[in-house]
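> Build me a structure from this.
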Amino acid sequence: MTLLELIVATGILLILSSAALPILRITVVRQKESDLRRDLREIRDAIDRYKDLADTGKIRIEAGTEGYPPDLETLVKGVNIGAGVDTRIRFLRRIPIDPMTGRTDWNLNAIQDDPDSTSWSGNNVFDVHTKSQARALDGTRYSDW
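Purely as a prediction, here's the structure:
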């Protein structure tokens, strides 16, 4: 009788563990999606702060950039404020790692690019997207976020 009870208990544990595996996968995907939203918000906020300082004339801008940073690395290295060479402001500590691709390589859009363009003209950074073409849990593409 104990061998039969052991087999039944093992079967029940196997069924319960196989039901928990999809829930674990969804939890991992939700965490990555949450990290992606946070990283995009962080980069876009840094771009907006750079643009605000450029619009108020506190940082020098190059012609043709419309006050947007030339690249993401500029947000990390920082820029000089006003005429003082010693005063620098940084907008990001580091370029965040894209949780979907695992790299710091992002799709960039310039203000001159078409809204649905997948290539960057290289003039400035107006917006940023992930390079992942996978679909989110809600059915949208991560690259559209």
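
> can you count the residues close to T10?
10 (other C-beta atoms under 10 Å). (C-beta placed from N, C-alpha, C; glycine too.)

> Contacts for stretch 6-18 next, please.
With C-beta atoms under 8 Å, 6 or more residues apart in numbering as the contact definition, stretch 6-18 has no outside contacts at all.

> In space, what's closest to K32 - neighbours in sequence excluded?
Nearest non-adjacent residue to K32, counting by C-beta to C-beta, 6 or more residues apart in numbering: P99, 4.5 Å away.

> And the pLDDT at the one you found?
At P99, the model reports a pLDDT of 94.

> Just to check, it is in contact with R38?
No. Between P99 and R38 there is no contact under C-beta atoms under 8 Å: 9.0 Å.

> With neighbour numbers in mind, choose between those two.
P99 (18 against 12).

> Now do the same contact list for A136.
Shown in contact with A136 (C-beta under 8 Å, 6+ apart): E33, Y142, W145.
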